[in-house]
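Asker: Build me a model:
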Amino acid sequence: MARVSDAALNSKLDDRDEAAAVEIVISAGEPELQQSTNQATIAADELAQRQSINQPLEWHVKSLERSTRTFGGPRNASEVLHSLRQCCGLLAWRQRLPISVWITKYGWQDLQGDLIAGVTVGLTVIPQALAYSQIAELPLEYGLYSSFMGCFMYTLFGSSRHVTLGATAIISLLTAEAYPKDAGLFKAQYATLLCFFTGIIQLLMGALNLGFLINFISTPVISGFTSASAFVIMYGQVKSVLGVSFGKSTDTVIAQTSGYLANLSNINGWDVLMGTSCMALILLLKSLRLPRTSKNRYLRETLRLISVCRYGIVVIMASLVGFLLEHYLHDRHPLTLTREVKAGLPPFQLPAFAFDNKTFPEVFSGMGSGLAVVSLVGAMESIAIAKAFAHQFHYNIDSTQEFLALGMANFMSSFVSSYPVTGSFTKSALNAQSGVRTSMGCVFTGGFVIISMALFSAAFRYVPRAALGAIIICAVSVMFEFKIFRDLWLLNRKELLPLTVTIAVSLFFGVDYGLLAGISLSLILLLYPLARPPIDVDVEDTLLTAHSQLDGAAGSTEKRVIQISVTPQGALYFPSAEYVKEFFDDDVLHLLPAIESPNLRTDSASVDLQGEARIGLLAVEEIVVFNGLHLINSDYTTLRGLRSIVMSCKKAGKTLQFINTPKQVLRIVLPKEIREKVLTGGSTASDVNETVTVQFSKSLPEKLACVAVDDLMIHEPQAPKLIPAVIRSGSLRSKRSLS
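Answerer: Have a look, this model is predicted:
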């Protein structure tokens with residue numbers, strides 16, 4: 001009888017790394033032996049099959065296709081014509097009205113999700129709109145006027161399904177900054193006109209594809225501007241919580257501090273109690289949630305709804321307290337209320353272009369730079385929010401379309417007495433958390449605001465200002481970003497400069513000046529490398545010895561070759577033209593006499609063959625090698641400046657060699673007397689006095705190979721190639737980067 005050990009067999013079959021034999025236990029009986037042999041053969045075949053699967057395959061090239069495409073850079077005529085043809089197509093026009101793409105697929109589940117999300121966001125929009133109008137120094141109804149038309153327009157033209165437009169804290173602050181000093185009672189007219197022209201500017205930027213300009217605002221500048229604006233807003237709303245009134249919401253930190261010190265005796269205890277109670281209630285409702293282990297879904301959703309509607313709950317409760325105190329203690333007026341709020345919907349009309357006995361040019365000039373700042377910051381804020389949610393939910397947005405949508409929203413909102421609007425991160429995040437499915441959710445948000453204005457406007461007069469101040473403080477407290485300081489300290493400390501400058505100027509001179517100062521400094525740091533490009537200087541000091549036999553007597557001749565290789569690490573542009581010329585005159589040409597000094601000759605002469613020659617008596621050959629690999633991308637001004645470098649070398653009697661330099665560049669750089677030799681010569685051309693030598697490379701891969709090989713051989717000096725049979729007796733080679 002024969003049988004196979006199952007444990008041994010299984011262990012062998014499971015082993016995929018080493019070949020193993022199958023263990024068989026044999027006893028008497030011929031049929032059993034044959035059967036066990038067959039089983040062993042099957043097991044061995046299965047083992048071999050398993051092992052062959054895990055063996056790596058040997059791949060052989062059957063065919064190879066290679067293509068190269070260039071992205072970015074200036075467009076040629078064919079690319080421009082192709083873009084124009086695409087803009088005129090039916091698909092391009094449909095993309096300019098995104099609702100026409102997704103409305104045909106709109107279903108009942110989409111309607112249900114958008115309705116719930118729109119109403120949920122509307123409960124947050126109304127209290128925030130009332131509060132932000134206080135920052136803009138406008139009557140409370142103007143915050144509501146700014147909260148519905150922009151939503152309708154974004155549904156038609158927006159490319160993100162999560163973004164909700166409306167009044168925001170930063171745009172409200174910048175709107176207040178844009179008022180002229182003599183605005184007086186006409187701030188509402190200035191705000192509406194500002195919204196009108198903001199929309200026109202953003203529409204033009206979208207039509208001209210100027211969205212790339214926002215990319216020149218660096219993240220440290222944006223972070224510094226946002227944090228400084230949040231602090232200015234919070235610090236300015238403390239007076240609402242204290243019940244005092246002075247100055248403007250856009251005053252600097254120094255001016256507001258002086259106002260607080262001057263009004264310490266006027267603090268209203270009722271307002272302080274109301275403000276602190278509202279902030280405590282907001283924080284309590286924000287943290288209201290069930291533990292994750294709880295399985296009560298309905299209770300969890302109820303608590304989540306209460307948490308997201310915390311601002312509306314606080315406004316309702318504070319308004320009720322304000323109504324009761326005003327009704328029973330109307331003689332004392334313990335709380336500072338908002339008083340009259342204009343009821344009903346605003347009229348649909350064109351904004352006024354001339355008012356306050358001023359002509360339109362006078363009114364327009366009164367807004368100053370605030371118009372450009374509001375347009376730029378509004379677009380930057382909205383597009384950044386749209387990109388963030390598009391990345392999170394894996395869909396694409398069109399930045400140009402976002403410009404058009406935002407411009408259309410501001411343009412049409414100005415017809416309903418709105419001040420500038422933009423995308424709100426708080427409302428958009430709530431929109432996403434509430435399960436919005438399309439941008440139709442904005443329609444329900446705007447409709448909820450209109451219904452509230454029509455039905456409850458009279459009740460808004462009892463909202464305490466301390467409650468609105470508490471809402472603003474809690475809403476903007478999340479805008480501070482402290483992590484960026486640590487990141488920049490570890491990664492790039494140079495970028496801390498625009499960050500700190502933006503914050504400092506915003507706090508002490510105004511947020512609009514802070515933004516401009518940060519952008520200016522950031523652009524200076526960006527352009528400085530163009531004016532001071534990095535240039536590698538490779539110095540090689542070689543001592544050459546040649547043995548000769550003259551009249552039967554042995555002798556030797558020594559020669560010293562000093563070679564300075566100059567390699568720009570990128571293309572040279574016109575801001576660096578003067579710097580490159582000064583670099584050659586002050587550093588390169590003056591470096592040769594310094595190398596010839598006795599202080600540097602000691603090391604290079606440390607190896608001496610027979611003591612037959614002295615360093616001071618050696619013939620010295622000086623060569624300057626300029627690697628023009630990147631000059632093909634340089635501009636005309638820089639190339640004309642290099643011509644003066646050639647003339648300086650000729651005047652100083654130094655040999656100048658150009659390597660890896662295209663002929664079209666040499667047509668501009670070289671003097672006229674050798675230009676024809678270069679154009680008609682082969683791989684090398686020289687002038688009459690042998691002071692300029694040109695060496696060509698045949699192709700760009702060859703040029704790159706030359707540079708790569710040179711970089712690899714830095715620490716392994718090559719044997720001299722200037723004399724056929726020479727012996728190196730000494731060498732001095734160094735490399736430094738001048739920038």
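Asker: Following the helix ranked longest in the chain in sequence, what is the next regular element?
Answerer: Counting by DSSP state H, the longest helix found in the chain is helix 108-135. Moving toward the C-terminus from helix 108-135, the next helix or strand (DSSP states H and E) is helix 141-145.
Asker: and that following helix, what other elements does it pack with?
Answerer: Helix 141-145 sits against helix 108-135, helix 441-456, with contacts defined as 3 or more C-beta pairs under 8 Å, 6 or more residues apart in numbering; DSSP states H and E. C-beta: built from backbone N, CA, C; applies to glycine.
Asker: could you point out which element follows that helix?
Answerer: helix 149-157.
Asker: What is that next one packed up against?
Answerer: helix 99-102, strand 165-166, helix 399-413, helix 441-456.
Asker: Check the offset of the third one from the chain's centre.
Answerer: Here helix 399-413 is found 22 Å from its chain centre; the criterion is C-alpha atoms, centre = their mean, to the nearest Å.
Asker: quick one: buried residues of the longest helix of the chain?
Answerer: Neighbour counts over helix 108-135 (16 or more other C-beta atoms under 10 Å) mark 110, 113-135 as buried.
Asker: roughly how far is it from the heart of the chain?
Answerer: Remark: helix 108-135 is offset 30 Å from the chain centroid, using C-alpha atoms, centre = their mean.
Asker: on that earlier part again, could you export the helices and strands packed on helix 149-157 as TSV, including mean neighbour count?
Answerer: Listed next are the helices and strands packed on helix 149-157 as TSV, based on neighbours: other C-beta atoms under 10 Å:
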stretch	mean neighbour count
helix 99-102	14
strand 165-166	32
helix 399-413	25
helix 441-456	21
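Asker: Ok, which of these comes nearest L527?
Answerer: L527 sits nearest to helix 399-413 of all those, at 23.9 Å, using C-beta to C-beta.
Asker: Who are the packing partners of that closest one?
Answerer: helix 149-157, helix 187-207, helix 370-393.
Asker: so after it, what's the next helix or strand?
Answerer: Past helix 399-413, the next helix or strand by DSSP H and E is strand 422-423.
Asker: The helix or strand just after that next one: how far from the chain's middle?
Answerer: Elements were assigned by DSSP H and E; along the chain past strand 422-423, the next helix or strand is helix 425-433. The chain centroid and the centroid of helix 425-433 are separated by 22 Å under C-alpha atoms, centre = their mean.
Asker: Also stretch 661-668?
Answerer: 37 Å.
Asker: Would you indicate which residues of it are buried?
Answerer: Under the neighbour-count criterion of 16+ other C-beta under 10 Å, stretch 661-668 has 661-662, 665-666 buried.
Asker: Kindly indicate which of those lies nearest A531.
Answerer: A531 has its nearest neighbour among the buried residues of stretch 661-668 in V665, at 20.9 Å by C-beta to C-beta.
Asker: for the host helix or strand of the closest one, packing partners?
Answerer: Element membership for V665 (DSSP H and E) is helix 663-669. In terms of contacts (3+ C-beta pairs under 8 Å, 6+ apart), helix 663-669 is packed against helix 636-652, helix 672-680.
Asker: pLDDT on that helix, on average?
Answerer: Taken as a whole, helix 663-669 has an average pLDDT of 82.
Asker: what's the spacing between it and its chain's center?
Answerer: On C-alpha atoms, centre = their mean, the centre of helix 663-669 falls 37 Å from that of its chain.
Asker: Then stretch 267-276?
Answerer: Centroid separation for stretch 267-276 versus its chain: 43 Å, with C-alpha atoms, centre = their mean.
Asker: Give the buried residues for it.
Answerer: 268, 270-271, 274-275.
Asker: Can you redo those residues as JSON lines, where the extra columns are secondary structure, pLDDT and distance to A318?
Answerer: Listed next are the buried residues of stretch 267-276 as JSON lines, based on DSSP: H, G, I helix; E, B strand; the rest coil; pLDDT from 0 to 100; distance: C-beta to C-beta, whole Å:
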{"residue": "N268", "secondary structure": "coil", "pLDDT": "91", "distance to A318": "15"}
{"residue": "W270", "secondary structure": "helix", "pLDDT": "91", "distance to A318": "12"}
{"residue": "D271", "secondary structure": "helix", "pLDDT": "92", "distance to A318": "11"}
{"residue": "M274", "secondary structure": "helix", "pLDDT": "93", "distance to A318": "7"}
{"residue": "G275", "secondary structure": "helix", "pLDDT": "93", "distance to A318": "10"}
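Asker: Export the residues you listed as CSV, with columns for distance to M317.
Answerer: Converted to CSV, the buried residues of stretch 267-276 look like this (distance: C-beta to C-beta, whole Å):
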residue, distance to M317
N268, 19
W270, 15
D271, 16
M274, 10
G275, 13
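Asker: re the thing from before, what about the helices and strands packed on helix 399-413, which gets the closest to V315?
Answerer: Closest among the helices and strands packed on helix 399-413, using C-beta to C-beta: helix 149-157, at 20.0 Å.
Asker: Please identify the nearest residue in space to H547, excluding sequence neighbours.
Answerer: Nearest non-adjacent residue to H547, counting by C-beta to C-beta, 6 or more residues apart in numbering: S556, 5.1 Å away.
Asker: how many other residues sit next to the one you found?
Answerer: Burial of S556 is recorded as 14 neighbouring residues (other C-beta atoms under 10 Å).
Asker: I believe it is in a strand; please confirm or correct that.
Answerer: Yes - judged by DSSP: H, G, I helix; E, B strand; the rest coil, S556 forms part of a strand.
Asker: is it true that it touches A546?
Answerer: Yes - the pair S556 / A546 is scored as a contact, 6.8 Å apart, by C-beta atoms under 8 Å.
Asker: do you know how far the closest residue to W270 other than its chain neighbours is from G322?
Answerer: Distance criterion C-beta to C-beta, 6+ apart; nearest residue to W270, sequence neighbours excluded, is P334 at 4.2 Å. From P334 across to G322, the span is 9 Å (C-beta to C-beta, to the nearest Å).
Asker: same check, this time on Q202
Answerer: Separation of Q202 from G322 (C-beta to C-beta): 39 Å.
Asker: ditto for E495
Answerer: 47 Å.
Asker: okay, those two: which has more neighbours?
Answerer: Neighbour count, other C-beta under 10 Å: between E495 and G322, G322 has more, with 24 against 19.
Asker: Sticking with the nearest residue to V373 once chain neighbours are set aside, tell me its helix or strand.
Answerer: Of all residues not flanking V373 in the chain, D512 sits nearest, at 4.9 Å (C-beta to C-beta, 6+ apart). Under the criterion of DSSP H and E, D512 resides in helix 511-531.
Asker: Give me the below-cutoff pLDDT ranges for the stretch 551-700 of the chain.
Answerer: 551-555, 591-618, 673-700 (pLDDT under 70).
Asker: residue ranges of the strands in it, please?
Answerer: Taking DSSP state E, counting those that start in this stretch to define them, one finds strands in the stretch 551-700 of the chain at 553-568, 619-627, 655-659, 684-686, 692-695.
Asker: how about these in TSV, adding distance to T338?
Answerer: TSV is the format used below for the strands of the stretch 551-700 of the chain (distance: least, C-beta to C-beta, whole Å):
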stretch	distance to T338
strand 553-568	65
strand 619-627	72
strand 655-659	76
strand 684-686	84
strand 692-695	80
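Asker: Please name whichever of the ones you listed is nearest to V505.
Answerer: strand 553-568 (35.7 Å).
Asker: got the CA coordinates for that closest one in CSV?
Answerer: Listed next in CSV are the C-alpha coordinates belonging to strand 553-568 (Å, rounded to 0.1, in the frame of the first residue of the first chain):
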residue,chain,number,x,y,z
ALA,A,553,70.8,67.0,-24.7
ALA,A,554,67.6,66.3,-22.9
GLY,A,555,65.4,69.2,-21.9
SER,A,556,61.9,70.1,-20.9
THR,A,557,59.5,72.9,-21.5
GLU,A,558,56.7,73.9,-19.2
LYS,A,559,53.5,75.7,-19.9
ARG,A,560,50.8,76.9,-17.6
VAL,A,561,47.1,77.0,-18.8
ILE,A,562,44.5,78.8,-16.8
GLN,A,563,41.0,78.1,-18.0
ILE,A,564,37.9,79.7,-16.6
SER,A,565,34.6,78.1,-17.8
VAL,A,566,31.5,80.3,-17.4
THR,A,567,28.1,78.5,-17.5
PRO,A,568,24.8,80.3,-16.9
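Asker: Many thanks, we can stop here.
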